[in-house]
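1. sequence and predicted structure are below.
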Amino acid sequence: MLNFEYNISTRVLFGRGQIVNLGKEITRYGKRVLLVYGSGSIKRFGLYDEIIKTMEENSFVYKELSGVKPNPRIKSVRSGVQICRDHNIDLILAAGGGSVIDCAKAIAAGALYDGDPWDFFTRTAQVEKSLPVGSILTLSATGSEMNGNSVISNEETEEKLPVASEHLRPKFSILDPCYTFSVPPDQTAAGVADIFSHVCEQYFSPVKDTYIQDRLAEAIFKTCVEYGPLALKDPEHYIARANLMWASSLGLNGLLGYGKMGDWATHCMEHAVSAVYDITHGVGLAILTPHWMNYVLSDTTLERFVNYARNIWDVDCKDGMETAKQGIERTGEFFESLDIPSTLGEVGVDDKRLDDMAGKSMLRPEIGSLKKLKVEDVRKILQVAL
Ligand code: NZQ
Ligand code: ZN
């Protein structure tokens, strides 16, 4: 196990009706709020009205930035930064899924930076400070509600890039599973695949002797397998939605990655695919994950895959390699059982821009850590996923 410094500072208010605490939470940071949300789902299921009621009862001054798209655009971030400057905003409140929360974080950093917020994503500038962010989560998937990451797309350059900073971790997050009852089946499934993939990225690590982290990770894998199908079958199943919501946060708040090195090659590839084709993040991951697994499986990585197959899928053949392969097969079948497409072709990706996507995946000369991948490896994985 590697050395680490534990710091997960987000205050989480979990469960039914936690919105009653919103006014108290905002008051800790000021009175002037920028409310950020997407295309209107929060209006349809009533959350918007609850937020506005809180604003009015507490005499907060509030401005709104709506229309944040899935795969959030730098254009929205720039608009939000302008609102913060014009209205002397104290806190950004994000109400939505990962896209809305990521956009809010980028606005929060951009508001205190004397330049274009895209600089953070191209590594031209570092996030050194930010306005406080609070979130009300409406889709279980990314873990953005409890981490310091933001992923933003730039349509002009066809890039989708991440930034990570402790300054961006939300100060508080309201996690009410009832707010996810209205998430449609395709987004519910994509969210489960995203959670599953975050666990994979941290579980399949070259660092050994991380028994406790591995068992924690397995608990989250199993939560996806147990409750993903149930949430699809019965969207208002509180226990299913609650378990998935907490799995989303624990899956990527830092806990599983402490003391080890993550892989993240699948995420690099998916971000490149969605930068070019604007596909749903979780869908891209579900398609790529089994192909990545097959590609990196070898005698060196076998032990991890055998543990995974045994502990998650109860597969146990005499031969280790056979066990590992069956575990990978079960992974693909699981995503298919959630009705997620299994090829990139099904979501409109063709072979015309394979080189481009492979190139855009390479945030470094080699990506991944379980097996380091060069651009030609990435191209092969994308090719078989077509
Ligand atoms: O636009 P709205 O109205 O918000 O509708 C959204 C959107 O259409 C809808 N939705 C959300 N909650 C709903 C709902 N519809 C009905 N009822 C509800 N309660 O779902 C659609 C997708 O929303 P989005 O926020 O895009 O989904 P998700 O949470 O999966 O976020 C995906 C984005 O996060 C990034 C992804 O790359 C992608 O851009 N990621 C962020 C990470 C992070 N910050 O740590 C890590 C991840 O690996 C990921 O890269
Ligand atoms: Zn993800």
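-> Thanks, I have the structure now. Ligands and ions are numbered 1, 2, ... in the order given.
2. which strands and helices lie in contact with the helix or strand residue 100 falls within?
-> Taking DSSP states H and E as the criterion, residue 100 maps to helix 98-110. Applying 3 or more C-beta pairs under 8 Å, 6 or more residues apart in numbering; DSSP states H and E, one finds that helix 98-110 makes contact with strand 32-37, helix 74-87, strand 91-96, helix 118-121, strand 133-137, strand 149-154. The way it works is simple: take the backbone N, C-alpha and C, and place the C-beta from them, glycine included.
3. those into a markdown table, with extra columns for mean neighbour count and mean pLDDT?
-> A markdown table is the format used below for these (neighbours: other C-beta atoms under 10 Å; pLDDT from 0 to 100):
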| stretch | mean neighbour count | mean pLDDT |
| --- | --- | --- |
| strand 32-37 | 24 | 98 |
| helix 74-87 | 18 | 98 |
| strand 91-96 | 28 | 98 |
| helix 118-121 | 21 | 98 |
| strand 133-137 | 28 | 98 |
| strand 149-154 | 23 | 98 |
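4. any idea which of those gets closest to residue 353?
-> Minimum separation from residue 353 across those (C-beta to C-beta) falls at strand 149-154, 15.7 Å.
5. measure the residue nearest to the spatial centre of the chain to ligand 1 for me?
-> Nearest to the mean C-alpha position of the chain, by C-alpha atoms, centre = their mean, lies residue 142 at 2.3 Å. Applying C-beta to the nearest ligand atom, to the nearest Å, the value for residue 142 to ligand 1 is 4 Å.
6. name the element that residue belongs to?
-> Using DSSP H and E, residue 142 sits within no helix or strand.
7. residues in contact with the closest residue in space to it that isn't next to it in sequence?
-> Distances taken as C-beta to C-beta, 6 or more residues apart in numbering place residue 98 nearest to residue 142, at 3.1 Å, with adjacent residues excluded. For residue 98, the contact set (C-beta atoms under 8 Å, 6 or more residues apart in numbering) comprises 139, 141-144, 151, 194, 281.
8. quick check, pLDDT for residue 98.
-> Listed pLDDT for residue 98 reads 98.
9. likewise residue 281?
-> So, for residue 281, pLDDT stands at 98.
10. count of neighbours near it?
-> Residue 281 has 26 neighbours, counted by other C-beta atoms under 10 Å.
11. what of residue 40?
-> 10.
12. state the distance from it to residue 238.
-> 24 Å (C-beta to C-beta, to the nearest Å).
13. residue numbers of the stretch 1-150 of the chain in contact with ligand 1?
-> 38-41, 45, 70-71, 96-100, 102, 138-139, 141-144, 147, 149-150 (C-beta under 6 Å from any ligand atom).
14. contact partners for residue 95?
-> With contact set as C-beta under 8 Å, 6+ apart, residue 95 has these partners: 35-37, 42, 47-48, 51, 135-136, 138.
15. sketch out the low-pLDDT regions of the protein for me.
-> For the chain, no stretch has pLDDT under 70.
16. got the residue ranges for the strands in it?
-> 11-14, 32-37, 61-65, 91-96, 133-137, 149-154, 159-164, 172-175 (DSSP state E).
17. compare these and give me the one nearest residue 377.
-> For residue 377, the closest of these is strand 159-164, at 20.3 Å, according to C-beta to C-beta.
18. remind me, longest helix of the chain?
-> Identified as the longest helix of the chain according to DSSP state H is helix 211-233.
19. so which bits of that one are buried?
-> Residues of helix 211-233 classed as buried by neighbour count (16 or more other C-beta atoms under 10 Å): 213-214, 216-218, 220-221, 223-225, 227-229, 231-232.
20. elements contacting that helix?
-> helix 185-203, helix 238-251, helix 302-313, helix 320-337.
21. just the angle between the longest one and helix 98-110, please?
-> Read it as helix 185-203. 60 degrees (axes from the mean of the first three to the mean of the last three C-alpha atoms, to 10 degrees).
22. what does the second one give?
-> Inter-element angle recorded for helix 238-251 and helix 98-110: 40 degrees (by the same axes, to 10 degrees).
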